[in-house]
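>>> Quick one, structure for this:
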Amino acid sequence: MKKIICIIILLSLGLSSCDEFKNGQEIPSYIYVEGFNLEENPDFTFSQSSDLLTQDIRDVWVYVDNEILGAFPLPCSIPILKEGKHKIDLRPGIIYNGMNNMREAYSFYTTYVESIDLVPGKEIVLDKKNIMYDSEKSVIPFKENFESYFVNFKQADVIAEEPKTMTVIRNDSVEYGSNCGAIYFEEGGNNKYISVDSIFCNNHLGLVLEIDYHTNISFEVGVYGKSSSASANQYISAVRLTPNKNNSWQKAYIILTKAWDILGYPSTFHIYLEAFNPNNTKNSFVHVDNIKVLHFPNKK
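Down below sits the predicted model:
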């Protein structure tokens, strides 16, 4: 994926020619973008409940006639030095790994495209636009929303015939649906949980994990697998997430590609979560929900 450090690409009036306007007019047209709604894509065969379709779209990346204008925090009023009908592409933007300097248009969401008649000095208001996971670009081999009997996470590095599965809770802490997963820090260890099912992917261009979480301690998300040169499986961390100031649920989009690369891109691997409690927080917990792994279509 193309990594772009700076999100705000401010409109430079000097880049647009006054010749585009009648009588040398230099007054921009405006579009107001409220945001996006993530809705079900009927091309996917799996259930897409509203609880599973969580999102944290922060920005809109704007293209005019297939040329990038800029990226803007939502909601926003955007000046455009053009008039008349033009093709406007609105691409949902997110932040990766919980870091504000890692902002991109999210490749796995669809783009909203509309031909808009721009009028200098006039603002055209665009209400929230519906988008979906892009079925042509997105493969979603792993999903866990903790609503079924089978939980696709088990305690790692524990010798037992039936390793302990991740705890499922059903109380006021749950934000989405009826249940969520929980990890409670153990002083003696056993704080890693790996996916029971392995994930197959042979396309190295992009691998992302989405997760909703509520925690009062830090926890890691990463890739668990074996490289061709290693004799044992390895845990490779992708990011360590921390509690937010509001002590509330939040969503993260996590790039797994670099961690997967360190393993040498094995075609099958697992994901893992590991809790940490360096500050000895009492009554520590990590609550997780709506975990999804996405990548571009596999090579044939």
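
>>> Ser107: neighbour count?
16 (other Cβ atoms under 10 Å). Quick note: C-beta positions are derived from backbone N, CA and C, even for glycine.

>>> can you pull up the bridge partners for Val208?
Note on Val208: beta-bridge partners Ile255, Leu294, judged by DSSP bridges.

>>> give the contact list for it.
With Cβ atoms under 8 Å, 6 or more residues apart in numbering as the criterion, the residues that contact Val208 are Tyr96, Phe108, Tyr253, Ile254, Ile255, Leu256, Thr257, Val293, Leu294, His295.

>>> top of those by neighbour count?
His295 leads these on contacts (other Cβ under 10 Å) with 26 neighbours.

>>> got the contact list for it?
Ser138, Val139, Pro141, Cys201, Asn203, Leu205, Gly206, Leu207, Val208.

>>> and stretch 62-79, what's its mean pLDDT?
Across stretch 62-79, the average pLDDT comes to 97.

>>> tell me which residues in it are buried?
Val62, Tyr63, Val64, Leu69, Gly70, Ala71, Phe72, Cys76, Ile78 (16 or more other Cβ atoms under 10 Å).

>>> how much space is there between the second one and Asp134?
Remark: distance between Tyr63 and Asp134 (Cβ to Cβ, to the nearest Å) = 16 Å.

>>> Over to the last one?
When distances are taken as Cβ to Cβ, Ile78 and Asp134 turn out to be 23 Å apart.

>>> what are the ranges of the strands in the stretch 151-300 of the chain?
For the stretch 151-300 of the chain, applying DSSP state E, counting those that start in this stretch gives strands covering 153-155, 167-169, 180-183, 192-195, 199-200, 207-215, 218-225, 234-241, 250-255, 268-276, 286-295.

>>> could you dump the last one to PDB, C-alpha only?
Meaning strand 286-295. Only the C-alpha atoms of strand 286-295 are listed here, as PDB (Å, rounded to 0.1, in the frame of the first residue of the first chain):
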ATOM      1  CA  VAL A 286      -8.700  -6.300  27.400                       C
ATOM      2  CA  HIS A 287     -12.100  -6.400  25.700                       C
ATOM      3  CA  VAL A 288     -12.100  -7.100  22.000                       C
ATOM      4  CA  ASP A 289     -14.800  -7.500  19.300                       C
ATOM      5  CA  ASN A 290     -15.400  -7.600  15.500                       C
ATOM      6  CA  ILE A 291     -11.900  -8.800  14.600                       C
ATOM      7  CA  LYS A 292     -11.400  -9.000  10.800                       C
ATOM      8  CA  VAL A 293      -8.400  -9.800   8.700                       C
ATOM      9  CA  LEU A 294      -8.400  -8.400   5.100                       C
ATOM     10  CA  HIS A 295      -6.100  -8.700   2.200                       C
END
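
>>> dump the residue contacts of Asp261.
Per Cβ under 8 Å, 6+ apart, neighbours of Asp261: His204.

>>> could we number from 13 for the rest of this?
Sure, I'll start counting at 13 from here, so that last one is Asp273.
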